[in-house]
Each structure stands twice: as structure tokens, then as C-alpha cells.
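Asks: my questions are about this predicted structure, shown below with the sequence.
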Amino acid sequence: MAGSLRRLLVRKHVANDEMRRLGWVCSPYRGRMVVGEKKLVDVLQTRHADATEQAVPVFCGVGALWKTKYGLVRANARALLARSLHFRKDFNRLVKAALGGGVHIKSFTTTNRLCAISFELTPEQKEYKATAAQFARKVIIPKAAHHDKTGEYPYEILKSAWELGLLNAGIPTEYGGLGLKLLDEIILGEELAYGCTGISTAITANGLAEAPLLIAGNHEQKKKYLGRMVEEPLLAAYCVTEPNAGSDVNGIKTRAVKKGDKWVVNGSKMWITNGGVANWYFLLAKTDPDAPPGKACTAFIVDRDTPGITPGRKEWNMGQRASNTSGVTFEDVVIPQENVLGEVGKGFKIAMGAFDLTRPAVATGAVGLAQRALDEATKYANERKTFGLPIFEAS
């Protein structure tokens with residue numbers, strides 16, 4: 001999507017006299033003439049009524065880019081400035097936040113020049129990518145098969161990743177971390193997954209446990225729990241899934257009951273990444289079973305050495321066996337009030353926010369794995385011969 005969009009945007013735009021008079025610059029895309037937002041289209045409204053009715057804003061900079069059923073079109077800045085000013089500010093802020101500042105939003109011109117959205121990585125991001133790629137090829141790949149066959153947790157590799165700054169890269173500088181943005185972390189994750197998705201999951205799983213603190217943690221909580229992650233190569237886990245409640249977070253049964261100034265938790269979590277090796281847990285528990293789903297749960301931070309916590313056996317997964325996956329049982333676990341994350345009853349929102357921050361990394365990990373599969377298949381197709389020819393040449 002990004003590549004094809006970029007190729008489209010860098011084409012020169014050609015305007016006909018009629019559209020120029022209306023303040024529009026029209027782009028021919030695959031032989032189709034496109035038009036845009038109907039309020040500014042008079043002469044063309046009848047001719048392209050179906051297109052103008054469905055015009056959707058895609059990008060507003062100094063000018064504006066609109067998506068219609070016929071393709072993409074941008075409007076002249078002078079014609080749209082008054083109408084799009086409020087949307088332009090909101091949209092630019094959204095793009096920068098969502099992509100972690102990795103997209104350079106410059107400006108559209110009002111003449112037939114190249115459009116200016118750049119999907120190029122910054123020099124720093126290129127360095128991150130090169131560092132992670134080198135680590136994957138020199139450190140992860142030589143040992144990946146061993147860890148996948150034996151299920152042995154790759155502590156030494158994680159320690160090396162921590163020393164290099166690849167572990168906990170998103171922790172803010174205020175708490176000793178590198179403070180990398182979401183896009184930066186995604187770039188790292190894709191390259192690490194090229195080496196081994198099991199090991200890359202072990203490296204990046206901390207980010208899922210840390211995300212709720214980044215979203216809702218107070219200064220003291222962040223300093224205590226995020227700060228320790230950069231002081232030594234520790235691990236954390238995100239405890240939400242239960243035997244009968246996976247994606248259905250509202251269905252969790254683990255209960256937290258307020259007793260005095262403390263909370264007592266009972267319940268079981270299942271399929272928890274880093275569950276058996278974590279130093280601390282993010283925990284979601286139901287605190288008001290009678291409340292609406294969005295207000296029934298509360299988020300907690302729980303130290304692993306708290307009495308009553310018992311990690312289960314390591315699960316033998318179909319794949320990614322270098323990653324530690326296990327159950328975690330909580331029996332009369334006492335949690336102090338200061339370890340409540342955010343407000344009581346707001347745990348569901350916090351948990352969903354953490355998913356929003358971390359799901360893109362899951363997708364890019366799949367991209368890294370796919371690239372490795374393609375490279376390995378290409379290599380084999382060149383080396384394996386039949387009837388005297390590499391198999392990619394054999395009919």
C-alpha cells in the first residue's frame with residue numbers, strides 16, 4: 001500500500017483548463033480522470049456526481065488529497081484552505097502520532113510539481129534497521145535452530161540485545177530508555193523477526209507489558225518498573241488471556257477484591273508470553289462483575305515475587321518455541337493500592353490501548369518472517385538442480 005501510494009503521489013499532476021479554473025489539479029491514474037470534493041465542483045458535478053458524492057479526505061497539507069471511486073485527487077490550496085484548516089491540523093497530528101514521526105509531511109504545491117509525502121526512512125532509522133539486521137544475521141540466525149528444537153529460552157541472546165539497546169527500546173529517555181517511537185520499534189522488530197520469530201517475540205514481548213504503563217502509569221510507577229528494565233536485562237509479561245477468555249477480554253474471570261487499602265487477586269491466566277520468566281506482570285482483573293463491560297475491570301502491576309503467584313509449565317508451541325509461553329496462577333495475591341494502574345474500572349480501556357500500540361509490531365514481524373522465507377526459497381531454488389539446471393529454470 002505504502003509503496004504503491006508513494007509511486008502514485010510522486011507522479012507529476014496534469015491539469016486541464018476546466019479544473020484549473022475551479023482550483024483543482026487532476027491526476028490521471030491508470031487512464032481514469034478523477035475529481036474530488038463536491039462543494040468545490042460545479043461544472044463537473046453532473047458529469048461525475050457518483051464520484052463527488054463519495055469523495056473522502058485522505059490527506060490535508062497546504063493543499064488536500066481526496067480519495068474517490070476513480071482514484072486520488074488533490075485540490076488547490078487556495079480553494080480549500082478555509083474549508084480544510086481544522087481538518088488539516090487534526091489529520092497531520094494523527095498521522096505523525098500513528099506513525100511515530102516516520103512520515104515527513106512537507107506540503108503540496110499549487111502547480112504541476114511533485115507531490116510531497118515522503119515514506120523514506122530517516123538517517124537514524126536506517127541506522128536502527130542496519131543494526132537490527134546485523135544482529136539478526138550474526139547473533140540470532142546461527143542459534144535459532146537450536147532454540148527452536150530444544151525450547152531453551154535464549155537468555156544470552158536477550159542479554160546481548162539489551163546491551164545493544166534492542167530490548168525495551170521504547171522506554172522514554174526520562175526513565176533511562178532510548179525513547180524510540182512506534183515506527184522505530186517496528187523497523188527493529190521486522191529485522192529481528194527475519195532472524196527468528198520465536199527469539200524476536202522473546203525480545204519484543206516486553207513492549208506489550210510496558211505499553212499499559214506508558215499509557216496510564218504515573219511517574220512513580222514508570223520510574224520503578226520501566227526504570228529497572230534498563231538497569232538490567234529483565235523481562236515482563238502481559239497477563240490478560242485466560243483459559244476461557246482470549247480475545248474476549250470482557251469474559252475474564254480473575255477477580256480482584258478490595259480489602260482495606262489493598263487488593264486481593266484470585267484467578268488463572270493462560271498462554272502468557274514471558275509468563276515463566278517475567279520480573280513483573282501487567283494484570284487485568286475484574287473488580288466489579290455487575291458493571292458494564294468497559295467498566296468492570298481494573299489494571300494492576302504485580303511483582304513476580306509476590307506471595308501466591310505460581311507460573312505454570314512452559315507450553316510446547318507449534319512454532320516460536322524459543323519464546324516462553326505459560327500459565328500464571330494467582331492465589332490470594334495481595335496488591336497494594338499504589339500498584340493500581342490508572343483508575344479503578346478503567347482497565348479494559350488501558351488493555352485495549354496497549355493492543356493498539358503493539359499490534360503493528362505483530363504485523364511487521366510477519367513481514368520479516370515472509371522476507372526470510374522468500375530469501376531461503378530463492379536460495380534453494382538457485383542451489384537445487386534437476387536435469388542439470390537450477391529448479392527455478394526447470395519447466
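Replies: Cool, the structure landed.
Asks: and the closest residue to residue 275 other than its chain neighbours, how many residues sit next to it?
Replies: Nearest residue to residue 275, sequence neighbours excluded (Cβ to Cβ, 6 or more residues apart in numbering): residue 326, at 3.9 Å. Where you see a C-beta, it was placed from the backbone N, CA and C, and this is true even at glycine. For residue 326, the neighbour count with other Cβ atoms under 10 Å is 20.
Asks: same check, this time on residue 239
Replies: Neighbourhood size, residue 239 [other Cβ under 10 Å]: 29.
Asks: same deal with residue 238?
Replies: Other residues lying near residue 238 total 27 when counted by other Cβ under 10 Å.
Asks: can you check residue 225 too?
Replies: Count around residue 225 with other Cβ under 10 Å applied: 24.
Asks: and the gap between it and residue 164?
Replies: Per Cβ to Cβ, to the nearest Å, residue 225 is found 22 Å from residue 164.
Asks: strands of the stretch 151-300 of the chain, start to end?
Replies: Secondary structure of the stretch 151-300 of the chain (DSSP state E, counting those that start in this stretch): strands at 236-239, 255-259, 262-273, 280-286, 297-303.
Asks: which among those is found nearest to residue 372?
Replies: Closest to residue 372 of these, according to Cβ to Cβ: strand 262-273, at 20.8 Å.
Asks: that older thread, select, out of the strands of the stretch 151-300 of the chain, the one closest to residue 195.
Replies: Checking the strands of the stretch 151-300 of the chain against residue 195 by Cβ to Cβ gives strand 262-273 as the closest, at 17.7 Å.
Asks: counting by contacts, list what the closest one packs against.
Replies: Where contact means 3 or more Cβ pairs under 8 Å, 6 or more residues apart in numbering; DSSP states H and E, strand 262-273 is packed against helix 197-216, strand 236-239, strand 255-259, strand 280-286, strand 297-303, strand 325-336.
Asks: got CSV for these, with distance to residue 376 and mean pLDDT too?
Replies: Shown next, in CSV, are the helices and strands packed on strand 262-273 (distance: least, Cβ to Cβ, whole Å; pLDDT from 0 to 100):
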stretch, distance to residue 376, mean pLDDT
helix 197-216, 14, 95
strand 236-239, 31, 96
strand 255-259, 47, 96
strand 280-286, 36, 97
strand 297-303, 41, 97
strand 325-336, 25, 97
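Asks: just name the most buried of those.
Replies: strand 236-239 (a mean of 28; mean count of other Cβ atoms under 10 Å).
Asks: put the alpha carbons of it into PDB.
Replies: What follows is strand 236-239, C-alpha atoms only, in PDB (Å, rounded to 0.1, in the frame of the first residue of the first chain):
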ATOM      1  CA  ALA A 236       7.900  -8.500  31.900                       C
ATOM      2  CA  ALA A 237       4.600 -10.100  30.900                       C
ATOM      3  CA  TYR A 238       1.100  -9.000  29.900                       C
ATOM      4  CA  CYS A 239      -1.400 -11.100  31.800                       C
END
